[in-house]
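Asker: give me a 3D structure for the following:
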Amino acid sequence: METELIKTKTKNKTCQKLLNKVRTDFIGLNTKYRIATGEKTRRIYLDSTASTLMMGIAHRTSEKFLKHYSNTHSLMHFSAKIATKTYKWVHERILEFVNAHPEHYTCFFTGSGTTSGMNRIARIFNNLQPKKDIVLVSIMEHHSNDLPHRKHGGHVIHIPVDTHESKMGCVDMDLLEHYLREYEGRVNYVSITGISNVTGIINPINEVAKLAHHYGAYIVVDAAQMAAHVPILMSGHDDPEMDIDALIFSGHKTYAPGSPGVVIARKDLIGKIEPEEVGGGMVDRVFPESYYVTTNFPDREEAGTPNILGAITLGTAIDVLDKIGMENVLEDDTELTHYCMNEMLKIPEIEIYGRTESCPRAGTISFNIKQLNHGFVAAILNDYFNIAVRNECFCAHPYVEKMLELTHKIQIYEAKAKNIKNFNTEPWMGMVRVSFGIYNTMSDVDHFIHALKDIILKKENYSSHYVINKYGDYEHKDFKFSCNEYFSLSQIVKNELKT
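Answerer: Here you go, the predicted structure:
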């Protein structure tokens with residue numbers, strides 16, 4: 001036992017050393033912009049929930065692969081051998097990363113994020129059990145894990161989340177079971193996010209799976225935020241009912257911008273339905289009057305020429321994360337998130353959305369400063385402090401609106417009375433979101449907290465420098481940012497051609 005403990009400590013120390021090495025190796029970490037004060041400062045990137053920065057090693061690996069670039073689906077020349085075998089390795093590595101047994105699960109790539117994969121799965125699952133017409137989706141979902149089910153999956157019922165002293169937490173398991181029991185025999189599947197893109201609150205996906213399976217429903221997980229923050233165990237549980245039927249995540253949120261979306265699903269389920277996409281690579285034989293779909297996975301689900309370069313970038317990032325250990329990534333992430341949240345809770349003018357106690361979070365915090373517009377706060381953070389955050393509703397309108405009832409009840413009531421359908425006409429409708437990646441540090445958080453305090457202290461002064469433009473955005477009266485000063489695609493091409 002003592003020897004094992006020493007090994008664990010050594011392993012954790014080694015993993016921490018690797019994490020420390022990797023976290024400083026991201027493209028864009030040292031990007032500098034001129035801010036409203038005239039200074040040129042380093043950008044503090046706190047918008048990882050929208051999209052992460054590119055892992056340096058992933059970028060360099062893809063550049064090295066380009067020396068051998070070729071299409072896949074062939075082993076007849078050297079470059080094709082390299083491309084085909086590497087592309088296959090990435091699929092296998094991702095299955096290992098999410099603990100999906102390769103005998104029972106397949107991994108395939110689709111589109112550029114979670115959305116296309118979720119649309120595919122919704123159509124497939126709808127055809128699996130056409131007599132089951134109900135899909136249960138939590139209220140906390142991103143539109144990409146809500147709208148595809150409305151269009152392709154059937155009748156969507158939204159499951160509320162736990163409330164505690166009016167604060168919203170993770171999915172309400174009691175209400176989920178209530179709906180599963182009430183509509184038993186009609187629920188096709190439950191689709192739920194692993195981590196909310198608004199609050200960072202973590203859902204117990206394997207417990208949800210057990211509940212869904214008990215009532216004869218499948219389970220689909222949106223892991224767009226989860227894959228880069230939390231260990232995932234799709235299979236291998238003592239209780240097989242806790243296994244996940246399908247899981248989708250986005251490469252661009254997993255330190256590999258430009259990479260595809262990823263679907264991991266049970267072979268026995270998707271193998272029952274002819275693939276949604278047809279074309280080259282997914283057939284064994286084609287005749288003028290018929291064609292025969294291959295039984296090989298993942299070929300049958302990946303029609304056409306794949307995003308080989310993006311897949312290799314993603315495979316590299318996944319391999320690095322797995323070598324660090326996702327339990328170590330989560331521990332580091334949780335420490336940073338809670339440090340930021342605790343510092344924010346010390347500021348009475350700040351309202352944090354979602355439960356802040358006894359509710360696991362990772363990587364994301366959404367908030368408002370009382371009496372200040374979310375767009376105004378985000379603009380000042382950018383213009384004066386070079387802090388990149390996101391604001392508005394984060395493609396999760398129902399969830400954001402529900403939480404804003406805590407702070408904007410009168411405005412929401414009036415908006416509903418007026419039957420307002422466009423939130424852009426209601427500038428109060430939104431929040432500010434700060435989110436972290438493995439490259440962020442305590443120093444980044446300290447800079448952010450300092451900025452919040454300064455905004456609150458000098459809000460009248462800041463306000464005098466802004467106007468609201470015709471798009472509803474806060475625009476500085478004097479300071480103007482020029483994109484072309486930092487990046488102009490046409491100019492770069494001209495310069496390259498001159499050399």
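
Asker: drop to CA atoms for contacts and neighbour counts, all remaining ones
Answerer: Noted.

Asker: so residue 94 is in which element?
Answerer: helix 78-97 (DSSP states H and E).

Asker: so what does that helix touch, helix or strand wise?
Answerer: If you count contacts as 3 or more Cα pairs under 8 Å, 6 or more residues apart in numbering; DSSP states H and E, helix 78-97 packs onto strand 105-110, helix 308-324.

Asker: show me where the stretch 251-400 of the chain has strands.
Answerer: Secondary structure of the stretch 251-400 of the chain (DSSP state E, counting those that start in this stretch): strands located at 261-266, 283-286, 291-293, 350-352, 364-369, 387-388, 390-392.

Asker: pLDDT below threshold where in the stretch 301-450 of the chain?
Answerer: 358, 409-428 (pLDDT under 70).

Asker: quick one: the helices in it?
Answerer: In the stretch 301-450 of the chain, the helices defined using DSSP state H, counting those that start in this stretch lie at 308-324, 326-345, 374-385, 397-404, 409-417, 442-457.

Asker: would you indicate which residues of the helix holding residue 94 are buried?
Answerer: Within helix 78-97, the residues that count as buried by 16 or more other Cα atoms under 10 Å are 79-84, 86-87, 90-97.

Asker: got it, and stretch 194-205?
Answerer: 194, 195, 196, 197, 198, 199, 200, 201, 202, 203, 205.

Asker: pick out the most distant pair among these.
Answerer: 198 and 205 (17.4 Å; Cα to Cα).

Asker: and the contacts of stretch 25-40?
Answerer: For stretch 25-40, the external contacting residues (Cα atoms under 8 Å, 6 or more residues apart in numbering) are 41-45, 53-57, 382-386, 439, 479.

Asker: buried among the residues you listed? Make that a PyMOL selection.
Answerer: Only the buried entries of those go into this PyMOL selection, using 16+ other Cα under 10 Å:
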select buried, resi 42+43+44+45+53+54+55+56+57+382+383+384+385+386+439+479
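
Asker: tell me the secondary structure at residue 184.
Answerer: Recorded secondary structure, residue 184: coil (DSSP: H, G, I helix; E, B strand; the rest coil).

Asker: would you mind measuring from the residue lying closest to residue 56 once chain neighbours are set aside to residue 52?
Answerer: The shortest distance from residue 56 to any non-neighbouring residue, by Cα to Cα, 6 or more residues apart in numbering, is to residue 26 (4.7 Å). The gap separating residue 26 from residue 52 is 10 Å, by Cα to Cα, to the nearest Å.

Asker: more neighbours: which of these two?
Answerer: A count of neighbours by other Cα atoms under 10 Å puts residue 52 above the other of residue 26 and residue 52, at 24 against 19.

Asker: OK, contacts around the more buried one?
Answerer: Residue 52 sits in contact with 252, 253, 254, 255, 256, 257, 437, where contact means Cα under 8 Å, 6+ apart.

Asker: so who does the closest residue to residue 131 other than its chain neighbours touch?
Answerer: Take residue 131 and drop its neighbours on the chain: the residue closest to it by Cα to Cα, 6+ apart is residue 186, 7.3 Å away. Contacts of residue 186 were listed using Cα under 8 Å, 6+ apart, and they are 131, 132, 133, 134.
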